[in-house]
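Student: predicted model follows, preceded by the sequence.
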Amino acid sequence: MINSSAKKAILGAERKRDLRFFCKSSELKFKNLELLDLSLTHRSVLNERPEGSNNERLEFLGDSVLGLICVSLLYRRFLHKTEGELAKIKSVVVSEDILSGLALELAVDTVLVLGKGEEQTGGRTKKTILADALEALLGALYLDSGFKAVEDFIAPRINREIDRVLEKKGKEDYKSELQELSQRLFKNYPAYRLVKRSGPEHERLFWMEVTVNGKSYGPCLGRNKKTAEQEAAHLALEALAE
């Protein structure tokens with residue numbers, strides 16, 4: 001019942017062999033290889049297989065499971081930090097940069113299933129695709145083996161990233177800082193808006209602006225929306241500090 005969305009993709013011998021090798025090298029245990037395969041199947045395959053499934057629903061699930069694990073670790077480790085301080089650490093630890101790096105560390109890129117167009121434009125190296133695939137993998141592991149299996153697998157890696165953030169190796173999270181400041185000063189939240197995008201999909205650029213208490217800052221440029229939003233938030237923080 002829990003893996004009905006995986007129904008029943010027939011995996012070839014070569015694909016099963018690749019998935020088993022991936023599990024062994026990543027120290028993963030999966031009872032249902034079809035579910036694992038689904039977690040690694042990007043939506044771009046629908047261009048060639050319109051009737052097929054992809055990993056977006058599992059990504060949605062895995063994002064929540066990962067969030068709970070990260071929050072639980074932070075809550076238990078740092079008894080004297082405020083909610084805002086914990087939220088700031090979490091936002092860095094589960095960021096696209098960190099998750100895509102973990103995905104590469106686990107060699108998720110070697111077992112991704114991509115559509116031809118996405119493959120040709122370097123999909124295996126795109127941070128968004130890698131981070132999403134890792135979250136989908138965690139969602140699949142949760143359905144396959146339960147919460148503890150996911151926690152045992154990902155918690156040591158998350159703890160390591162928490163340590164790096166505390167050692168100031170993580171990137172500044174200007175969005176979280178701006179949200180805290182806006183709530184404190186104006187009792188409202190910053191609002192982000194896409195102003196412009198340009199370039200082919202594999203080299204796309206985004207311009208984002210942020211509005212705080214009725215005043216807009218930006219637009220600022222980034223290779224993805226999250227990066228551009230961080231730049232806009234940084235600009236707003238500098239302006240509000242004056």
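Tutor: Noted; the coordinates are in hand. Numbering: from 1, shown residues only.
Student: skipping its backbone neighbours, what lies nearest Leu106 in space?
Tutor: Ser26 (4.8 Å; Cβ to Cβ, 6 or more residues apart in numbering). To be clear about C-beta, it is placed using only N, CA and C from the backbone, and glycine gets the same treatment.
Student: residues near that neighbour, how many?
Tutor: 15 (other Cβ atoms under 10 Å).
Student: show the pLDDT at it.
Tutor: pLDDT, Ser26: 92.
Student: likewise for Glu14?
Tutor: 92.
Student: what's near enough to touch Asp132?
Tutor: 55-56, 59 (Cβ atoms under 8 Å, 6 or more residues apart in numbering).
Student: compare those and tell me which is most surrounded.
Tutor: Result: Asn55 is most packed of the contacts of Asp132 (other Cβ under 10 Å), 27 neighbours.
Student: burial check on the closest residue to Arg197 other than its chain neighbours, number of neighbours?
Tutor: With sequence-adjacent residues excluded and distances taken as Cβ to Cβ, 6+ apart, Arg197 is closest to Phe206, at 5.1 Å. Neighbour count for Phe206, taken as other Cβ under 10 Å: 22.
Student: from Val212, how far out is Phe206?
Tutor: In this view, Phe206 and Val212 are 19 Å apart by Cβ to Cβ, to the nearest Å.
Student: what about the strands in this structure?
Tutor: 191-198, 205-212, 215-222 (DSSP state E).
Student: show me where the chain dips below the pLDDT cut-off.
Tutor: Across the chain, the ranges flagged by pLDDT under 70 are 1-9, 50-51, 168-172, 242.
Student: and the closest residue in space to Tyr217 that isn't next to it in sequence, what is it in contact with?
Tutor: Excluding its sequence neighbours, the residue lying closest to Tyr217 (Cβ to Cβ, 6+ apart) is Ala236, at 4.1 Å. Neighbouring residues of Ala236 by Cβ under 8 Å, 6+ apart: 178, 190, 210, 212, 217-218.
Student: and the gap between Ala236 and Trp207?
Tutor: For Ala236, the distance to Trp207 - Cβ to Cβ - is 15 Å.
Student: go on, Lys187?
Tutor: 28 Å.
Student: looking at those two, which one has more neighbours?
Tutor: Between Lys187 and Trp207, counted using other Cβ under 10 Å, Trp207 has the larger neighbour count: 19 against 8.
Student: sort out which residues of the helix ranked longest in the chain are buried, please.
Tutor: Looking across the chain with DSSP state H, the single longest helix is helix 56-77. Buried residues in helix 56-77, counted by 16 or more other Cβ atoms under 10 Å: 58-59, 61-63, 65-66, 69-70, 73-74.
Student: excluding its backbone neighbours, what's nearest the residue nearest in space to the middle of the chain?
Tutor: Nearest to the geometric centre of the chain sits Ala131, at 4.0 Å (Cα atoms, centre = their mean). Nearest in space to Ala131, with sequence neighbours left out and distances taken as Cβ to Cβ, 6+ apart, is Leu99 at 3.7 Å.
Student: quick one: the one you found from Lys127, how far?
Tutor: Taken as Cβ to Cβ, the span from Leu99 to Lys127 is 8 Å.
Student: what do you get for Leu181?
Tutor: In this view, Leu181 and Lys127 are 27 Å apart by Cβ to Cβ.
Student: so Ala133 is in contact with Leu106, correct?
Tutor: No: Ala133 lies out of contact with Leu106 (Cβ atoms under 8 Å); the separation is 9.7 Å.
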